[in-house]
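Predicted model, plus sequence, below.
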Amino acid sequence: MSPMRAINRIVAALVALVLLGASAITLVEIALAALGKSPWIVNHTTLANDLHHRVWQDGWVRFAGASAVIVGLLLLYVAFRRGAPTDLPLQTDEPGVTFTVTRKSLESYAAGIAESETGVDSASVKARKARVTVTASTMLLDPGDLEQRVQAAVAAHLGNLHLAHPVNTAVSVRNRGN
């Protein structure tokens with residue numbers, strides 16, 4: 001799952017929980033008021049009287065309004081911000097035909113290429129529209145030219161895929177040795 005999609009889900013869940021809690025409290029308060037009981041959490045009489053005496057020029061009203069606008073704009077930004085593409089287009093000579101590769105497949109493919117290099121124990125890959133970042137781990141105390149070999153192998157294999165938009169590859173090697 002992409003980080004942006006995860007953030008969207010977390011924000012949506014938090015907003016939903018806040019709204020659910022506020023709705024539950026409101027229902028309980030309405031039921032208590034209808035039964036003539038004292039308020040549970042919110043004393044609606046005191047709150048209503050307080051709000052009736054406020055004017056638009058009060059600092060508290062301006063702060064609450066500005067906060068609501070800022071939170072609303074942030075939620076809209078999170079909702080409509082484009083995440084990383086899930087599919088990357090491939091070149092094709094046929095008009096009207098589109099071939100794509102999923103970002104996850106491309107990441108798995110590049111990780112497999114990196115891991116096939118001698119000295120690489122594991123690799124993780126992050127693919128974006130214009131960049132593929134490979135982080136390779138090795139147990140070698142002196143990796144030598146391992147970074148360049150992984151860079152060349154991944155770049156060559158990605159070139160053979162004929163992506164519609166060329167991607168830059170960036171490789172870093174982490175030493176997990178003692």
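Yep, that arrived. In this text, all values refer to a predicted model and were calculated from it rather than measured experimentally.

show me the contacts for residue 62.
By C-beta atoms under 8 Å, 6 or more residues apart in numbering, residue 62 lies in contact with residue 56. C-beta: built from backbone N, CA, C; applies to glycine.

Torsion angles phi and psi at the spatially most distant residue from the centre of the chain?
Ranking residues of the chain by C-alpha distance from their mean position (C-alpha atoms, centre = their mean) puts residue 36 at the top, at 47.7 Å. Backbone geometry at residue 36, expressed as degrees, to the nearest 10, gives phi 80, psi 20.

cool, residue 92 as well?
Torsion angles at residue 92 (phi, psi; degrees, to the nearest 10) stand at phi -150, psi 150.

shaky segments in the protein?
1-4, 83-85, 177-178 (pLDDT under 70).

mind listing the helices for it?
3-34, 44-52, 59-80, 103-115, 146-161 (DSSP state H).

and of those helices, who's closest to residue 97?
helix 146-161 (16.3 Å; C-beta to C-beta).

from the chain's centre, how far out does the closest one sit?
Between the mean C-alpha point of helix 146-161 and the mean C-alpha point of its chain there is a distance of 28 Å (C-alpha atoms, centre = their mean, to the nearest Å).

Quick one: residues in contact with it.
Contacting residues not belonging to helix 146-161 are listed as 90, 101, 106, 109-110, 113-114, 116-117, 119-120, 123, 132, 134, 136, 138, 140, 167, 169, 171-173 [C-beta under 8 Å, 6+ apart].

buried ones in it?
By neighbour count with 16 or more other C-beta atoms under 10 Å, helix 146-161 contains the buried residues 146, 147, 149, 150, 151, 153, 154, 155, 157, 158.
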